[in-house]
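S.K.: Sequence and computational prediction follow.
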Amino acid sequence: MTDLDHYKKTVDALAEILDYCTKDHNVRNHVGDWFWYPERGGKDFSKFGPVLAAARDDIKEFERRQRALSLYMQDPRCEHYILCYSALRMDGYRYQESTDLDTGKMMDSFERSGDFGDVTPLDKLALFFLLQRYLGKWGGERLTQRSIEWKAYRQLFLDTADVEVPEPFKPREWDTEKWEYRIKPRLRECIETVAAIHAKTKYNKPRKKPKIARSA
């Protein structure tokens, strides 16, 4: 049995005792009232519930971290891995629905100038997400990694690597464990990896206006 198993069993046992002392009708009916009042020599049981709840939250977070670290995946320094799971830390669909995000205008501007100018960090992060969806499974899979879309994809990672995602736009349909525990702790190294590839890539001129297809 691991230390974590012992910790979980201890928390469960203490929670069971707390429930017994505060909710069991036999205890409530046959133990003197003093038992629940510290000023009479009893215990203040109300303070134990939050402590046990916090302990259970710690257990869940530890298990979540362990799942992420034990997953069999390619080297986190792999560019595809870095870009994909960095982009998926935000729900760009929800952000797009709540704003006037104009992805076409952003991509047109990038194609002309090579940067995103005064586009806000959250707009960039949303576009980064949408490009991941497009390049990964919704129409852009066959584009060469020298395309304008891939150029924008890499640049957006570099521009948003340090951007925190507001709570309303954190994903609900997929986890962010790979970002939290495999990429974020090595973020400087990941940035260097993508920046090096970005700098040495000779990008093509697109044959048509760059676009992003949203999935249904």
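M.R.: Thanks, I have it.

S.K.: and the spatially most central residue of the chain, what does it touch?
M.R.: The structure's the chain has its C-alpha centroid closest to residue 176; by Cα atoms, centre = their mean the separation is 3.1 Å. The contact partners of residue 176, by Cβ atoms under 8 Å, 6 or more residues apart in numbering, come to 85, 88-89, 170. Heads up, the C-betas are built off the backbone N, CA and C, glycines and all.

S.K.: go again using 7 Å as the cut-off
M.R.: If you count contacts by Cβ atoms under 7 Å, 6 or more residues apart in numbering, residue 176 has them with residue 89.

S.K.: Can you pull the domain assignment for this protein?
M.R.: 3-70, 79-200 (automatic domain parsing).

S.K.: any chance of those in JSON lines, plus mean pLDDT?
M.R.: Below are the domains of the chain laid out as JSON lines (pLDDT from 0 to 100):
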{"stretch": "domain 3-70", "mean pLDDT": "72"}
{"stretch": "domain 79-200", "mean pLDDT": "91"}
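
S.K.: ranking those domains by burial, who's on top?
M.R.: domain 79-200 (a mean of 17; mean count of other Cβ atoms under 10 Å).

S.K.: What is the end-to-end distance of it?
M.R.: 14 Å (Cα to Cα, to the nearest Å).

S.K.: ok, the residue nearest to the centre of the chain to residue 87 distance?
M.R.: Distance from residue 176 to residue 87, counting by Cβ to Cβ, to the nearest Å: 11 Å.

S.K.: Need the residues that contact stretch 19-30.
M.R.: Under Cβ under 7 Å, 6+ apart, the answer for stretch 19-30 is residue 45.

S.K.: Return the alpha-carbon coordinates of it using CSV.
M.R.: Output of stretch 19-30 as CSV, limited to C-alpha atoms (Å, rounded to 0.1, in the frame of the first residue of the first chain):
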residue,chain,number,x,y,z
ASP,A,19,-20.3,12.0,10.2
TYR,A,20,-21.0,9.5,13.0
CYS,A,21,-20.5,12.1,15.7
THR,A,22,-22.5,14.8,14.1
LYS,A,23,-25.2,13.0,12.1
ASP,A,24,-26.0,9.6,13.6
HIS,A,25,-29.3,9.8,15.5
ASN,A,26,-28.1,7.4,18.2
VAL,A,27,-25.2,9.7,19.1
ARG,A,28,-27.4,12.8,18.9
ASN,A,29,-30.0,11.2,21.2
HIS,A,30,-27.8,9.5,23.8
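
S.K.: centre of the chain versus that stretch, how much separation?
M.R.: Distance, stretch centre to chain centre, for stretch 19-30: 42 Å (Cα atoms, centre = their mean, to the nearest Å).
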